[in-house]
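Participant: here's my sequence, what's the structure:
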Amino acid sequence: MSDDLTKRGPQDASKINIHEDWELTYWSKKFGVTKEKLSQAVKAVGVNASAVAKHLGYKG
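Facilitator: Take a look at the predicted model:
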């Protein structure tokens, strides 16, 4: 199954894939951080979007 490139967000919004540049862009904009800071957060707490948001102090 291939990705539907017409969709603007990730297929599974509960996980962050830092190996896809468009996901890095999407999540870094959502959380208001740099791609590097997002990558560091994922490496620190894992791919769970809620855990990353909490780690970054995101109040969105």
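Participant: ranges for the helices of this structure?
Facilitator: In the chain, the helices defined using DSSP state H lie at 21-31, 35-45, 49-56.
Participant: CSV for the ones you listed, including mean pLDDT, distance to K15 and mean neighbour count?
Facilitator: Where you see a C-beta, it was placed from the backbone N, CA and C, and this is true even at glycine. Formatted as CSV, the helices of the chain follow (pLDDT from 0 to 100; distance: least, CB to CB, whole Å; neighbours: other CB atoms under 10 Å):
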stretch, mean pLDDT, distance to K15, mean neighbour count
helix 21-31, 96, 9, 17
helix 35-45, 98, 10, 16
helix 49-56, 98, 6, 17
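Participant: looking at these, which is nearest to A13?
Facilitator: helix 49-56 (6.4 Å; CB to CB).
Participant: what's in contact with that closest one?
Facilitator: For helix 49-56, contacts defined as CB atoms under 8 Å, 6 or more residues apart in numbering pick out 13-16, 27, 31, 33, 37-38, 41-42, 44-46, 60.
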